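>>> Task: produce atomic coordinates for the following.
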Amino acid sequence: MTRRIVLIDIGNSLDLSGVLPSVHLHDSYSARVTARNGVAPYTYATDSVLPDGVELDPATGVISSGDVGTAGTFVIAVTATDLAGTSVTRDFVLSVVAEPLLLTISGSYAAATVGTPYSSDLTIANGGGTYSNPRVTVGALPAGLALSIVGDMLRLSGTPTGSAATVDFTVAVDSGDGQTATSAQSVVISGYVTDDFSTNTIASYTEYASVSVRWFVDTSNGGTMLQQYSNESVLTRNGVSFADGHVSMVTSQASDSGLALRLLDKNNYYLAVIKDGSHTPGNVVIVYKRVGGTFTQLGSSAINFPINTVHSLAFSANGSSLVASFDGTPVVTVTDTSIAGAGKCGMRSGSTSTGLNPFGSFTWPA
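Here you go, the predicted model:
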């Protein structure tokens, strides 16, 4: 009896299966594709571009990474080969999702002073790079200040009003990708002290002058500080020294009367002077710097100052910015870096003519 063996070709049944779940950018990752219905063991290979940090294990079919470094959608063609040399290729899709970076607000607002122009910034970062809707969510801003967005900065600016205080509040900003960030802030607002000369406070001042002149307090009619025979004399308030701040005075007549800031000595300071309409030229506010004894005009502005009418002059320094104000309105704004450090502040009258230059009050930072 003869036996016959018949070989029947049933075709290639090698298969490759698996699912690649999506992953967030920079997360770790592990998924596996599996070959079956062939002659084990199997090997796995791919010629596709993988995300940075992602590898295919040729022995196990595991696709893994400790830190997936590239966002996007990746089609990965994996080829499995069995021991008999049979191969199968299948495409798998891996999605790497780039989560938006967390929107942040960093930094702290600087201290401010009543009556002194102010600007301070917080830094906004991430969140898609477009920012809007600056606002306060808790508390209230210091009086006179407002929020704005300047590039990637959350700016607080304006001129503080009111009195000395520590103001606590929380600011917020939105980003283009729908995030909101907040930041709790505390701003110290310094106030001012005013000498109305209702008492004889001349001992609280020190004169800086090439030629000493006569300063005295007249306590009648509410009080006035008077200066006679000027010769470029500056009278500074004892114990007061600062780099950034604001001083002011009132007067009813002025022939180069004014205010000095950052006074280092009699030859180095910034000066804002005012001239009433009785002088030629008159009705003007002028800002100078005096460096090494030499005056240099930095800016000027016409005003309306009839003699024997009461008006105010204010002078502030903030970094390189110098601002002179007449009756509360800024009229001269200049920048200069010649005198950057802290110095004394005081009143000055530079007329060389005989007469009296009255100062109805003098105000300086507390």
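>>> any idea which helix or strand carries Gly341?
According to DSSP states H and E, Gly341 maps onto no helix or strand at all.
>>> can you check the one 4 residues further on too?
The secondary structure element spanning Cys345 is strand 343-349 (assigned by DSSP H and E).
>>> now the next helix or strand after that strand: mean pLDDT?
Per DSSP H and E, the first helix or strand lying C-terminal to strand 343-349 is strand 356-359. For strand 356-359, mean pLDDT rounds to 78.
>>> Tell me the strands beside strand 356-359, with direction?
Sheet pairing of strand 356-359 (DSSP bridges) gives strand 224-228 (antiparallel).
>>> Just the CA atoms of the strand it pairs with, as PDB, please.
The C-alpha coordinates for strand 224-228 follow below in PDB (Å, rounded to 0.1, in the frame of the first residue of the first chain):
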ATOM      1  CA  THR A 224       6.000 132.200  54.800                       C
ATOM      2  CA  MET A 225       9.700 131.300  54.200                       C
ATOM      3  CA  LEU A 226      11.400 134.400  52.800                       C
ATOM      4  CA  GLN A 227      14.700 134.700  51.100                       C
ATOM      5  CA  GLN A 228      16.500 138.000  50.500                       C
END
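>>> Pull the residues that contact the first helix or strand past it going along the chain.
Using DSSP H and E, the helix or strand that follows strand 224-228 in sequence is strand 233-242. The contact list for strand 233-242 (CB atoms under 8 Å, 6 or more residues apart in numbering) reads 195, 204-209, 211-213, 215, 225, 227, 260, 263, 266, 269, 342-349, 362, 364-365. All C-beta atoms are positioned from the backbone trio N, CA, C, and that covers glycine.
>>> tell me what the helix or strand hosting Val136 is packed against?
Taking DSSP H and E as the criterion, Val136 maps to strand 131-139. Using 3 or more CB pairs under 8 Å, 6 or more residues apart in numbering; DSSP states H and E as the contact test, the elements touching strand 131-139 are strand 145-150, strand 165-175.
>>> Just name the most buried of these.
Comparing the helices and strands packed on strand 131-139 by mean neighbour count (mean count of other CB atoms under 10 Å), strand 165-175 comes out on top with a mean of 17.
>>> how far out from the middle of the chain is it?
Distance of strand 165-175 from its chain centroid, counting by CA atoms, centre = their mean, to the nearest Å, is 13 Å.
>>> Given the next helix or strand after it, what are its sheet partners and their directions?
Remark: after strand 165-175, the chain's next helix or strand is strand 180-190, criterion DSSP H and E. Paired strands of strand 180-190, with direction, are strand 112-113 (parallel), strand 165-175 (antiparallel) (DSSP bridges).
>>> can I have strand 180-190 written out in PDB, keeping just the CAs?
Coordinates of the C-alpha atoms in strand 180-190 are reproduced here as PDB (Å, rounded to 0.1, in the frame of the first residue of the first chain):
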ATOM      1  CA  THR A 180      -5.700  83.100  33.100                       C
ATOM      2  CA  ALA A 181      -2.900  83.900  35.500                       C
ATOM      3  CA  THR A 182      -3.000  85.900  38.700                       C
ATOM      4  CA  SER A 183      -0.400  87.500  41.000                       C
ATOM      5  CA  ALA A 184      -0.800  88.900  44.500                       C
ATOM      6  CA  GLN A 185       1.000  92.300  44.900                       C
ATOM      7  CA  SER A 186       1.700  94.700  47.700                       C
ATOM      8  CA  VAL A 187       2.800  98.300  46.900                       C
ATOM      9  CA  VAL A 188       4.100 100.600  49.500                       C
ATOM     10  CA  ILE A 189       3.000 104.200  48.800                       C
ATOM     11  CA  SER A 190       5.100 106.800  50.500                       C
END
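>>> Any idea how far it is from the middle of the chain?
Its chain's C-alpha centre and that of strand 180-190 lie 12 Å apart, by CA atoms, centre = their mean.
>>> List the contacts of that strand.
102-106, 108-114, 122, 124, 127, 137-138, 142, 154, 156, 160, 162-175, 245, 365-366.
>>> In that strand, which residues are buried?
Neighbour-count burial for strand 180-190 flags Ala181, Ser183, Gln185, Val187, Ile189, Ser190 (criterion: 16 or more other CB atoms under 10 Å).
>>> For stretch 281-299, C-alpha coordinates in CSV please.
Provided in CSV are the C-alpha atoms of stretch 281-299 (Å, rounded to 0.1, in the frame of the first residue of the first chain):
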residue,chain,number,x,y,z
PRO,A,281,11.6,136.9,30.1
GLY,A,282,8.9,135.9,32.4
ASN,A,283,5.9,133.5,32.7
VAL,A,284,8.2,130.5,32.3
VAL,A,285,9.3,127.3,34.0
ILE,A,286,12.9,126.1,33.3
VAL,A,287,14.7,122.9,34.3
TYR,A,288,18.5,123.0,34.7
LYS,A,289,21.2,120.7,35.8
ARG,A,290,24.2,122.2,37.7
VAL,A,291,27.3,120.0,37.3
GLY,A,292,30.6,121.2,38.6
GLY,A,293,29.2,124.7,39.2
THR,A,294,28.0,125.1,35.6
PHE,A,295,24.3,125.5,34.8
THR,A,296,22.9,123.8,31.6
GLN,A,297,19.3,124.3,30.6
LEU,A,298,17.5,121.0,29.9
GLY,A,299,14.1,122.3,29.0
